[in-house]
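J.: sequence first, then the predicted structure, then my questions.
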Amino acid sequence: MEKVKITVAKGDGIGPEIMDATLDIILAAGARIEPEFITVGEEIYKKGITTGIPPEAWEVIRKNKVFLKAPITTPQGGGYKSLNVTIRKALGLYANVRPARSYHPFVPSKYPEMDVVVIRENEEDLYSGIEYQMSPQNIYALKVITYPGSERIIRFAFEYAKLYGRKSVTAMTKDNILKMTDGLFHKIFEKIGEEYPDIEKGHWIIDIGMAKLATKPEWFDVVVFPNLYGDIASDMVVEMTGSVGLGGSANIGDEYAMFEAVHGSAPKHAGKNEANPSGLLNAAIMMLVYIGQGDVAEKVENAWLKTLEDRIFTYDLARRAKEFGITDFTQVGTREFAQAVIDRLGQKPQHLKPASYASAGRFPKIKVTLTGGKDMVLKGVDIYIKAPGISAEDLGKKLEGLSTGALKFVILANRGQKVYPADYPGVFTTDHFSARFEGEPGKVTNDDIKELLRRIEEEGLEWTNVEKLYYIDGERAYTLAQGQ
Ligand code: NAD
């Protein structure tokens, strides 16, 4: 059978050791792959390439489409871009998949029943990286949640659940506060969920949801998150399994995929033959499934599970065992651990649930079908104004007088809170306000907004940005200020 070319980066710190161990194991298991090595990370950053990826490495990554990457070290100091974020965005790797399973009692865990898969949206949300300083005192970050981005990840989560025989999909958002952005994610979750009658569905508000995930992980199965919450949850659940060194992660897009360990390059353990290669191995197992070599993936995972059952442990798991008063383990180095897994190829675990993957490529391919609203009608405008040293009342009164024929002053807000007309006098304000002007939907024009901006400038006020207020398909498409 023809070998699949994959791009491999050995990374920094413990990267080369755990990559060698991982490749040794999967090749011994018969992986039909041909690794093509590239150099990314510290060495490249130090050459002054701020992304950490040289052009020739990009070529290889794009050509092979499947990328197995060891952790890299991001040098301290400004100017360096996160290599992971760059790769995810450039390759459209919208879905991050992190299984977190308990291997109790072999790897002792406080959560013996845990078997969770965190699916995190990888491109949007506060990770849009769009941040602005609008005044000496105010900085804003844009949380971007889109229809296609949300649909894609939510469908992915349901399709993943279907493919892997998982019984429930849960979403977590903060839509009691973020009514529009997280509200959209939740709404799409409910809508898409209807297409999967055989899968149980649940939605939790993120605060209590995370509290339950941290204390009752056995209640959860597949959990889908917008980017930021997913980032936090995915590290948390892996740590809960016993060691961050166990977790693997898949980043999946329509055309490309990248597989890596959850943890970083752990420089203080580098070159000592002591790091746990299991995280990268678990990533490589997902990669094998992705490229349609489920048979090899199964063989590797079962041998690895048997190694854990035999309590052959790298230092991190050995330390964990001692914490639980367990002494019947054998502590080994990275290479010896890999050899122990190789020695068990062909064996199955006797207690832990064995792996079972069909031989076809088992990661969902997603088609987006929903469209957002169509009919956008202009209703008004929020004009942000930098105004240091002026009271809300004085500013509000001034702006009130600037209403035009089509746009009437409604409220003045500061940090999202209505401050004029004031319901509670003395509310703290910073130097950046937003003034809301509204008119009849459909009757407000861009020229009305320009006229208003002209009047504001004439008053000697500095406007910094303008947000148009719309009705979309007959519904208000902006939030009311607190107190409005
Ligand atoms: P880290 O995950 O590298 O290490 C934290 C600690 O976790 C280590 O000191 C070690 O005790 C333990 N640990 C991690 N991996 C282990 C393993 N395989 N076996 C045993 N123990 C393990 O986190 P950090 O120290 O915050 O970051 C180090 C560097 O890694 C930084 O430069 C950071 O930017 C980078 N990083 C890279 C990635 C990536 O490439 N995907 C991810 C996270 C951090």
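T.: Looks like it arrived, so ask away. Numbering: from 1, shown residues only.

J.: so which bits of the stretch 51-200 of the chain are right by the ligand?
T.: Within the stretch 51-200 of the chain, the residues that sit near the ligand (Cβ under 6 Å from any ligand atom) are Pro71, Ile72, Thr73, Thr74, Asn84. Where you see a C-beta, it was placed from the backbone N, CA and C, and this is true even at glycine.

J.: ok, 5 Å please
T.: Contacts of the stretch 51-200 of the chain with the ligand, taken as Cβ under 5 Å from any ligand atom, map to Pro71, Ile72, Thr73, Thr74.

J.: so who does the residue lying closest to Met1 once chain neighbours are set aside touch?
T.: Using Cβ to Cβ, 6 or more residues apart in numbering and skipping the chain neighbours, the partner closest in space to Met1 is Arg32 (5.4 Å). Arg32 is in contact with Met1, Glu2, Lys3, Val4, Gln293, Val296, counting by Cβ atoms under 8 Å, 6 or more residues apart in numbering.

J.: which residue is the nearest non-sequential neighbour of the residue of the stretch 201-350 of the chain found nearest the ligand?
T.: Residue nearest to the ligand within the stretch 201-350 of the chain: Gly264 (2.4 Å; Cβ to the nearest ligand atom). Spatially, and ignoring its direct neighbours in sequence, Gly264 is nearest to Pro71 (4.8 Å; Cβ to Cβ, 6+ apart).

J.: can you check Lys365 too?
T.: Asp254 (7.1 Å).

J.: which helix or strand contains Ala340?
T.: Using DSSP states H and E, Ala340 sits within helix 334-343.

J.: ok, that helix near the ligand or not?
T.: No - contact of helix 334-343 with the ligand (Cβ under 5 Å from any ligand atom) is absent, the minimum separation being 8.3 Å.

J.: pull out the buried positions in that helix.
T.: Buried residues in helix 334-343, counted by 16 or more other Cβ atoms under 10 Å: Thr334, Phe337, Ala338, Gln339, Ala340, Val341, Ile342.

J.: so which of those residues comes closest to Val300?
T.: Nearest to Val300 out of these is Val341 (Cβ to Cβ; 7.4 Å).

J.: endpoints of stretch 347-366, how far apart?
T.: One end of stretch 347-366 to the other measures 35 Å (Cα to Cα, to the nearest Å).

J.: try stretch 161-172
T.: Terminal residues of stretch 161-172 lie 16 Å apart, using Cα to Cα.

J.: so what's the gap between that stretch and the chain middle?
T.: 18 Å (Cα atoms, centre = their mean, to the nearest Å).

J.: mean confidence for that stretch?
T.: Mean pLDDT, stretch 161-172: 95.

J.: residue ranges in this protein under the pLDDT threshold?
T.: Filtered on pLDDT under 70, the chain yields the residue ranges 359-360.

J.: in PyMOL, select just the buried ones from the contacts of Arg32.
T.: The buried residues among the contacts of Arg32 can be selected in PyMOL (16+ other Cβ under 10 Å) with this line:
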select buried, resi 4+293+296
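
J.: the contacts of Arg32 in helices, which ones?
T.: The helices, defined by DSSP state H, take in Val296 from the contacts of Arg32.

J.: in the protein, which spans are helices?
T.: Using DSSP H, the helices of the chain run over residues 15-28, 42-46, 55-64, 83-91, 147-163, 181-193, 206-215, 227-240, 278-290, 294-309, 315-323, 334-343, 392-400, 446-458.

J.: for the fourth one, which positions count as buried?
T.: Within helix 83-91, the residues that qualify as buried are Leu83, Asn84, Thr86, Ile87, Arg88, Lys89, Leu91, counting by 16+ other Cβ under 10 Å.

J.: for the fourth one, give its distance to Glu200.
T.: When distance is defined by Cβ to Cβ, to the nearest Å, Ile87 is 34 Å away from Glu200.

J.: ok, the residue nearest to Lys110 when sequence neighbours are not counted - how many residues close by?
T.: Of all residues not flanking Lys110 in the chain, Met240 sits nearest, at 7.4 Å (Cβ to Cβ, 6+ apart). Close neighbours of Met240, defined as other Cβ atoms under 10 Å, add up to 19.

J.: thinking again about what came up before, in CSV, list the buried residues of helix 83-91 along with distance to Ala283.
T.: Shown next, in CSV, are the buried residues of helix 83-91 (distance: Cβ to Cβ, whole Å):
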residue, distance to Ala283
Leu83, 16
Asn84, 13
Thr86, 19
Ile87, 14
Arg88, 15
Lys89, 20
Leu91, 16
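
J.: list the contacts of the residue nearest to Lys110.
T.: Ala100, Ser102, Ser109, Lys110, Tyr111, Met114, Ala214, Pro217.

J.: now Ile456
T.: By Cβ under 8 Å, 6+ apart, Ile456 lies in contact with Ile383, Ile385, Leu399, Leu402, Trp463.

J.: and Glu467, by the same measure?
T.: Glu467 is in contact with Val381, Asp382, Tyr384, Ser434, Tyr478, counting by Cβ under 8 Å, 6+ apart.

J.: chain neighbours aside, what residue packs nearest to the last one?
T.: Read that as Tyr478. Distances taken as Cβ to Cβ, 6+ apart put Leu469 closest to Tyr478, at 4.8 Å, once the chain neighbours are dropped.

J.: any idea what the one you found is bridged to?
T.: With DSSP bridges as the criterion, Leu469 is bridged to Gly380.

J.: do Ile119 as well
T.: Note on Ile119: beta-bridge partners by DSSP bridges are Val97, Val224.

J.: quick one: contacts for it?
T.: Ile119 makes contacts with 95-98, 153, 156-157, 160, 222-225, 230, as judged by Cβ under 8 Å, 6+ apart.
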